[in-house]
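Engineer: below are the sequence and a predicted model; questions follow.
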Amino acid sequence: MSRSAVVLIDDRVLVEELLVGLRRGRSRPIVYTTQSWYYRACRAAVAGAGGHLSGPFEQLAAAEQQRAILSLLALSENIELPDPRVTVPLMAEVARLHPTLNLLNVAATAAAMVLDAEVWLSAPAANGILPSVLEAQRARWRTAQLG
């Protein structure tokens, strides 16, 4: 029996998944996000200022915007969160190896390693520091194609 693909999606990709869904191939991967990315997506939805995270919510009609925000706050069971009992100890090791990383990137790197997941990053995140750290840790990543 073949193992399902596992992907870890960043906060902007999470917003896209919840608002319109992501374009995927024929197979449906097991989707995870980190608690930090989930928090940032929720914060953007509730108290957004029109940035790359909250902008998509502001483009919706009022009723749709409310539905989208509520769907984000009650995270779909189709999106998993990694177990902190496993990821936190590895986060400490990632932070030791990459002392300039912020909490978001440390959590994402550790989760990618624990889950053996391919990380799907939005274009802004793909242009940041995280891809080089993922590569250094031999974690796979790609830029997600958004709507």
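Structural biologist: Perfect, thanks for sending it.

Engineer: using PDB, write down the CA coordinates of stretch 130-137.
Structural biologist: As requested, C-alpha coordinates have been extracted for stretch 130-137 and formatted as PDB (Å, rounded to 0.1, in the frame of the first residue of the first chain):
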ATOM      1  CA  LEU A 130      12.800  29.700   5.000                       C
ATOM      2  CA  PRO A 131      13.600  27.900   1.700                       C
ATOM      3  CA  SER A 132      17.400  27.900   2.300                       C
ATOM      4  CA  VAL A 133      16.900  26.500   5.800                       C
ATOM      5  CA  LEU A 134      14.500  23.800   4.600                       C
ATOM      6  CA  GLU A 135      17.100  22.800   2.000                       C
ATOM      7  CA  ALA A 136      19.800  22.700   4.600                       C
ATOM      8  CA  GLN A 137      17.700  20.400   6.600                       C
END
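
Engineer: contact partners of it?
Structural biologist: Where contact means CB atoms under 8 Å, 6 or more residues apart in numbering, the residues beyond stretch 130-137 that reach it are 94, 97-98, 101, 105, 108-109, 112-113, 119, 121, 140-141. Where you see a C-beta, it was placed from the backbone N, CA and C, and this is true even at glycine.

Engineer: show the average pLDDT along the strand or helix carrying Tyr38.
Structural biologist: Element membership of Tyr38, judged by DSSP states H and E, is helix 35-47. Averaged across helix 35-47, the pLDDT comes to 83.
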